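Engineer: turn this into a structure:
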Amino acid sequence: MQRYFSKQTLEVNQQIQLEKVDNHHIVRVMRGKIDDEVIIVDSTNIAYKAKIETIEDNVANLRIINALEDQQTELPIQVTIACGLSKNDKIDLIVQKATECGMNEFIPLALDRDVVKWKGNKISNRIERLERISKEAAEQCHRNVIPEISHLSTIDTLQKEADNYKHKLIAYEETAKKGQHGQLKETLKEVQAGDNLIIVFGSEGGLTELEVAKLKEVGYIECSLGPRILRAETAPIYALSAMSYHLEV
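Structural biologist: Next up, the predicted model:
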């Protein structure tokens, strides 16, 4: 059943219309008909079953039928992915797949070794694109939460906001090269339901020693993702998959 998100707070028997882009999808793309049913997640992250009552002037009017109480599709912890700016469309892939794997927040990072630089209008355009990707991925994988896409950030900002996170990790390739592979597992043993965790990744050029040192000053811990060196677009997905296996499977 197709899933959509609404910025409204919904209740049973309420009639609503979806936002323009979602209305176009249900009417034009999905060829929705009267009495077709969909799932709508409201602003409080509650999923509801709804049906199309009428279609007038290519606008679907939907009626909320009931809440879906058993629709629990979120990780038991809040995971933030902070990631350097990868080349081409790799960052799009990271956001899409990380959303599917349960990420709650994505922070794009401007790092010293980034080949890609976001400047001026490009920043807001890229953020808007990533927001669309995360929304579409959340609908596709039946989540009740659309991950937040934060504004372009820096290591200095992560330092200042360190107290916002209970668990803080750095995925650092030099740790893998040293054969130190146990920290991610140890951290996941410590997490409790409701905790929040941030993990920082470099782009293709990786993190500099200074960037790692700055994060360690405020409580971040180095970790590896096993003995192999992963691509920039693979590492966040690998880490989230490990978290899902440990916490959900």
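Engineer: quick one: buried residues of the helix or strand of the chain with the lowest mean pLDDT?
Structural biologist: None of the helices or strands of the chain scores lower by mean pLDDT, DSSP states H and E than helix 173-177, at a mean of 83. Residues 173, 175, 176 are the ones in helix 173-177 that count as buried (16 or more other CB atoms under 10 Å). From N, CA and C alone the C-beta is placed, and that goes for glycine too.
Engineer: show me what contacts the first one?
Structural biologist: With contacts defined as CB atoms under 8 Å, 6 or more residues apart in numbering, residue 173 is in contact with 202, 206, 224, 229.
Engineer: neighbours of the third one, how many?
Structural biologist: Applying other CB atoms under 10 Å, we find 22 residues neighbouring residue 224.
Engineer: which helix in this structure has the most residues?
Structural biologist: The longest helix of the chain (DSSP state H) is helix 121-140.
Engineer: after it, next one along is what?
Structural biologist: Downstream of helix 121-140, the next assigned helix or strand under DSSP states H and E is strand 148-149.
Engineer: which elements pack onto that next one?
Structural biologist: Contact analysis of strand 148-149 by 3 or more CB pairs under 8 Å, 6 or more residues apart in numbering; DSSP states H and E lists strand 105-109, helix 121-140 as its packing neighbours.
Engineer: quick one: strands adjacent to it?
Structural biologist: For strand 148-149, the pairing partners within the sheet under DSSP bridges are strand 105-109 (parallel).
Engineer: now the angle from the strand it pairs with to helix 121-140?
Structural biologist: 150 degrees (axes from the mean of the first three to the mean of the last three CA atoms, to 10 degrees).
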